[in-house]
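J.: Quick check, what structure comes out for this input:
(chains A, B and C)
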Amino acid sequence: TEEAKAKNILLPMALNDNKAGMEGLNRDKINKIIMESSKGSRFYENELKKEQQVNQRIERMMLQKAHITEQQLSKAQAQVEKMTSDLERGRDLSRVIVHVDMDAFYAAVETRDCPDLMDKPMAVGSMSMLSTSNYHARKFGVRAAMPGFIAKKLCPNLVIVPTNFDKYRAVSAEVREVFADYDPHFLPMSLDEAYLDISDHLEQRRGWPEALRTHRLHTNNTGTARVEDHGGLQETVEVEGLSPVLFENSPSSSPCLQDAAGGEVEVFGTCAEEAVREMRFRIEQKTSLTASAGIAPNMMLAKVCSDKNKPNGQYRLPSNRQAVIDFIQDLPVRKISGIGKVTEKMLGALGITSCSHLGQEMALLALLFSETSWHHFLHISMGLGSTHIERDGERKSMSTERTFGEMGALEEQFSLCKELCQDLAQDLQKEALKGKTVTLKLKNVNFEVKTRAWTLPCAVATTEELFAVAKDLLKTEIDNVSPQPLRLRLMGVRVSSFASADDKKPLQKSIVGFLHKKQTDSRTQTHTPKNTNTSAETDISMSALTASDKMTHEPSAHASTSSYCSTEPESGTDSLTCPVCFREVNTTELTVFNRHIDQCLSGVTMGQNNHTDTELEREITGGKREEGPKEKGSKLLSRANTLKVSSQSDPHVRVCLLSPGGPRPMTTPKPESRDHRGPALTCPVCQETQDTNDLTLFNRHVDLCLNQEVLHELGGLASVDRTTHTAPPAAHKGPCFRYVLFTE
DNA sequence: GGGGGAAGGACCA
DNA sequence: TTCCTGGTCCTTCCCCC
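T.: Sure thing, here's the model as predicted:
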């Protein structure tokens, strides 16, 4: 029906009332306001597009479902049953896992420090994005991850307080001190959330005298109070003389007793619930903030439980199988951490909304989803989850990104890129990390996100190293849409594949190392002849320097040249080995060396030379793209002739030794980008005139030709190249060649 | 088939 | 006028053993 259709269209922006404190709202009214504020925006259009993609995914899934036979289903059923009984045998109910979650954390901190906010709807964040809202605001439909300007429409009196992370970090540290008393190995998930395994604590606690379970309630208004720690230590806590109770509906605490000194005191029991109640009590005494908690036999269940009596409440799921099964039955799948909007919708299309449905349809799910996915579903449907808390594993990546108003100017884009690299380099330094993969993330004004990655032969960390890669990735993307500018709203840089993760890997050889004579003792550390910091014009560099450098007026080449592999070279001899003829050239003068290689190379490319183990690189540039190329020496021209490149637009073909291949455009450039570059080009390898004068396309063609032609000649050694070479970009399969200029 | 890189996404706080 | 940031893991596609 029309209505159903409309509803489907409206869905992407609809209020997500999955969060606590959002029950019984006037959803229709709220959704209407959200719609009115979003409709027609680029953001909304992109959401619609994404929604369409999900719908298509569902359609494909339903089609697949229609083709499932009875036989397949019963086979899957058998598999599921086998797996189920295996899992059942391994069910571990022995641990007591707690998930603690501070209530509306950022908002609560701000309210604590500014009591005027107490009974006002407020949120923490900015006009463009909110991090949290308090429970007053939630009544209006204002929630985390909602832009402030929309929240303001839902609730005109909303007070928006800017975030103050340093403050939250400080409070979080206090809270964590309490956590540590119950589980020194607790697992923080964020500033306001953590998992604890209190099994050991409970074991000890059973033998504790009452004194250790007695905690004083401070009720004074003087500004500080003494709180007795269960270890008998005294700690001084700042209190601001305000009611610690931020939520009116706080469940009342157990009756307070008077201690000898007349102060109010509370005694906690020895069971899990009492221990957790005590922990929450202590958090509140210490910070004036409330927390909610869930107690269950595993992490997955504990997480669901902590939400059950939010705010300022707790819920325990007993450690017996039946209780777990009962608990899971009617639980909506969306409540499980890891099942988000999309998965919920996919499952919904199959009629699955609760965890019991999930169990009933497992055979079907096993056929429609990947193994990892349906295993995950099976665990959920059985109420299984992690029973031991993994202490934080090694970090996998580090990134930094920034959103800004539309940016189209190249200078700005490159300088922002550099800034991001600087920030990231700083962060990397703090943790002494180096990574091999650098990823550039771009989001255009239409909210379309792109990531472009490049993996180097060795780990990098400095600004220059990062920027050398990021800038090339960026340039490639810019070239891709040129002559239009990239209209960006976000840029980010990420580093991954950290060296520490797989230190064991043998050192990979880069070209610079390769150039040097084989070492008998690779530890001898004399430095390489200047080739790590000379300019691109005179050196074996990553590539002739890109337009980006010229645009940003960067002193050319410093970065690309030296930083590609900062740890190399590791040799120290006075001669260099020619990668073409393998003869030692008795010089460290690159000019001399280059000349030698030039001669060798002309032979190879002409097919007169059966040299092996050569990594060639190629770069073909049109004179128009790079302004005032200085590389028009006679030598170059003669090489161009040698290679039989013909183009009236006078492209230069430059041949030299490889360096790690630079990135290439991933997407086919728009056809219209052809016409402003001059006439068609002839491939120097296959000699055929290409129906393009787009250098990107042409370049790709030549790459392919070279793969076939040259590699063929080079024979088996091509494989050596591949393994020691950085991986080529996805669109360009096969070894990545690049011509780099050699001049004197 | 499996491993690994690249690109894109889902999901989380 | 304004729809974040920083992380992990998964999936899909591809290439290369």
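
J.: from here on, contacts and neighbour counts on C-alpha atoms
T.: OK.

J.: Contact partners for whichever residue of the stretch 451-600 of chain A sits closest to DNA strand C?
T.: Residue nearest to DNA strand C within the stretch 451-600 of chain A: residue A:490 (6.2 Å; Cα to the nearest atom of the strand). If a contact means Cα atoms under 8 Å, 6 or more residues apart in numbering, then residue A:490 has A:401-404, A:441-444 as its contacts.

J.: got a list of contacts for stretch A:126-135?
T.: Contacts for stretch A:126-135 (Cα under 8 Å, 6+ apart): A:21, A:104-108, A:121-125, A:142-149, A:160-163.

J.: Spell out for me the PyMOL command that would select the buried members of those.
T.: Buried members of those, defined by 16 or more other Cα atoms under 10 Å, are picked up in PyMOL with:
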select buried, chain A and resi 21+104+105+106+107+108+121+122+123+124+125+142+143+144+146+147+148+149+160+161+163
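
J.: So which of the contacts of stretch A:126-135 are in strands?
T.: A:122-125, A:160-161 (DSSP state E).

J.: Provide the contact partners of the helix of greatest length in chain A at residue level.
T.: Secondary structure of chain A per DSSP state H: the longest helix is helix A:42-66. Residues outside helix A:42-66 that contact it (Cα under 8 Å, 6+ apart) are A:9, A:12-13, A:38-39, A:342, A:346, A:349, A:364, A:368, A:445-448.

J.: Which strands or helices does the helix or strand following that helix pack on?
T.: Sequence order places helix A:70-89 as the next helix or strand after helix A:42-66, per DSSP states H and E. Judged by 3 or more Cα pairs under 8 Å, 6 or more residues apart in numbering; DSSP states H and E, helix A:70-89 is in contact with helix A:362-368.

J.: just to revisit the earlier point, work out for me the element the residue of the stretch 451-600 of chain A closest to DNA strand C sits within.
T.: Using DSSP H and E, residue A:490 falls in strand A:488-498.

J.: quick one: strands adjacent to that strand?
T.: Here strand A:488-498 is paired, per DSSP bridges, with strand A:397-407 (antiparallel), strand A:435-444 (antiparallel).

J.: Check which residues of the longest one are buried.
T.: Spelled out, it's strand A:397-407. For strand A:397-407, burial by neighbour count (16+ other Cα under 10 Å) applies to A:397-401, A:407.

J.: Next, the buried residues of the following helix or strand past it.
T.: As assigned by DSSP H and E, the chain's next helix or strand after strand A:397-407 is helix A:410-430. For helix A:410-430, burial by neighbour count (16+ other Cα under 10 Å) applies to A:410, A:413-415, A:417-418, A:420-425, A:427-428.

J.: Over to stretch A:90-100?
T.: By neighbour count on 16+ other Cα under 10 Å, the buried set for stretch A:90-100 is A:91-93, A:95-100.

J.: average pLDDT for that stretch?
T.: Regarding stretch A:90-100, the rounded mean pLDDT is 97.

J.: next one: stretch A:128-146
T.: Mean predicted confidence for stretch A:128-146 is 94.

J.: Now do the end-to-end distance for that stretch.
T.: 8 Å (Cα to Cα, to the nearest Å).

J.: got it, and stretch A:326-343?
T.: Counting by Cα to Cα, the terminal residues of stretch A:326-343 are separated by 23 Å.

J.: and it with DNA strand B, contact?
T.: Yes: for stretch A:326-343, a contact with DNA strand B is found by Cα under 7 Å from any atom of the strand, at A:334, A:336-343.

J.: Stretch A:430-441 now?
T.: Yes: on the criterion Cα under 7 Å from any atom of the strand, stretch A:430-441 is in touch with DNA strand B at A:437, A:439.

J.: export that stretch as CSV, just CAs?
T.: Provided in CSV are the C-alpha atoms of stretch A:430-441 (Å, rounded to 0.1, in the frame of the first residue of the first chain):
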residue,chain,number,x,y,z
LYS,A,430,52.8,8.0,22.3
GLU,A,431,52.3,4.3,22.0
ALA,A,432,55.6,3.7,20.1
LEU,A,433,53.7,2.1,17.2
LYS,A,434,54.6,1.8,13.5
GLY,A,435,52.3,0.4,10.9
LYS,A,436,52.6,-0.7,7.3
THR,A,437,49.2,0.2,6.0
VAL,A,438,48.2,3.7,5.6
THR,A,439,44.5,4.4,4.8
LEU,A,440,43.0,7.6,3.6
LYS,A,441,39.3,8.2,4.3
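
J.: What residues of that stretch count as buried?
T.: A:433-441.

J.: show me where the stretch 251-400 of chain A has strands.
T.: With DSSP state E, counting those that start in this stretch as the criterion, the stretch 251-400 of chain A has strands at A:257-258, A:264-267, A:291-296, A:314-316, A:397-407.

J.: circling back: check whether the longest helix of chain A comes into contact with DNA strand C.
T.: Yes: counting by Cα under 7 Å from any atom of the strand, DNA strand C has neighbours in helix A:42-66: A:43-44.

J.: picking up where we left off before, farthest-separated two in the contacts of helix A:42-66?
T.: Maximum pairwise distance among the contacts of helix A:42-66 (Cα to Cα): 40.5 Å, between A:364 and A:445.

J.: what does chain A have sitting close to DNA strand B?
T.: A:50, A:53-54, A:189-193, A:334, A:336-344, A:437, A:439, A:449-455, A:666, A:726-730.

J.: so where's chain A shaky on pLDDT?
T.: A:1-11, A:19, A:22, A:24, A:219-262, A:392, A:500-744 (pLDDT under 70).

J.: Write out the residues of it neighbouring DNA strand C.
T.: So far as Cα under 7 Å from any atom of the strand goes, chain A lies against DNA strand C at A:13, A:34, A:37-38, A:43-44, A:127-129, A:131, A:145-147, A:149-150, A:369-373, A:394-403, A:490, A:492, A:719, A:722-723, A:730, A:733-735.

J.: swap the cut-off to 6 Å and go again
T.: A:38, A:43, A:127-129, A:145-147, A:149, A:370, A:372-373, A:395-403, A:719, A:733-735 (Cα under 6 Å from any atom of the strand).

J.: ok so, going back, let me know the closest of the ones in strands among the contacts of stretch A:126-135 to DNA strand C.
T.: Nearest to DNA strand C among those, with distances taken as Cα to the nearest atom of the strand, is residue A:125, at 8.6 Å.

J.: Could you verify my assumption that that closest one touches residue A:163?
T.: Yes: using Cα atoms under 8 Å, residue A:125 is in contact with residue A:163, at 5.4 Å.

J.: hmm, back to that, distance check, the residue of the stretch 451-600 of chain A closest to DNA strand C against DNA strand B.
T.: Separation of residue A:490 from DNA strand B (Cα to the nearest atom of the strand, to the nearest Å): 14 Å.

J.: That residue bridge partners, please.
T.: With DSSP bridges as the rule, residue A:490 is bridged to residue A:403, residue A:443.

J.: List the contacts of residue A:142.
T.: Contacts of residue A:142 (Cα under 8 Å, 6+ apart): A:133, A:151, A:154-155.

J.: Repeat that for residue A:136.
T.: Per Cα under 8 Å, 6+ apart, neighbours of residue A:136: A:119-122.

J.: can you do 6 Å?
T.: Taking Cα atoms under 6 Å, 6 or more residues apart in numbering, we find residue A:136 in contact with residue A:121.

J.: Could you spell out which stretches of chain A belong to which domain?
T.: Following automatic domain parsing, chain A resolves into domains at A:98-120+A:157-308, A:397-512+A:543-556, A:584-724.

J.: Quote the end-to-end distance of the first one.
T.: Same thing as domain A:98-120+A:157-308. Across domain A:98-120+A:157-308, first to last residue, Cα to Cα, it's 13 Å.

J.: now swap in stretch A:352-367 and tell me
T.: Its first and final residues considered, stretch A:352-367 spans 15 Å by Cα to Cα.

J.: For that stretch, buried residues please.
T.: A:352-359, A:361-367.

J.: and the two most separated of those residues?
T.: Checking the buried residues of stretch A:352-367 with Cα to Cα, the most distant pair is A:354 and A:367, at 19.3 Å.
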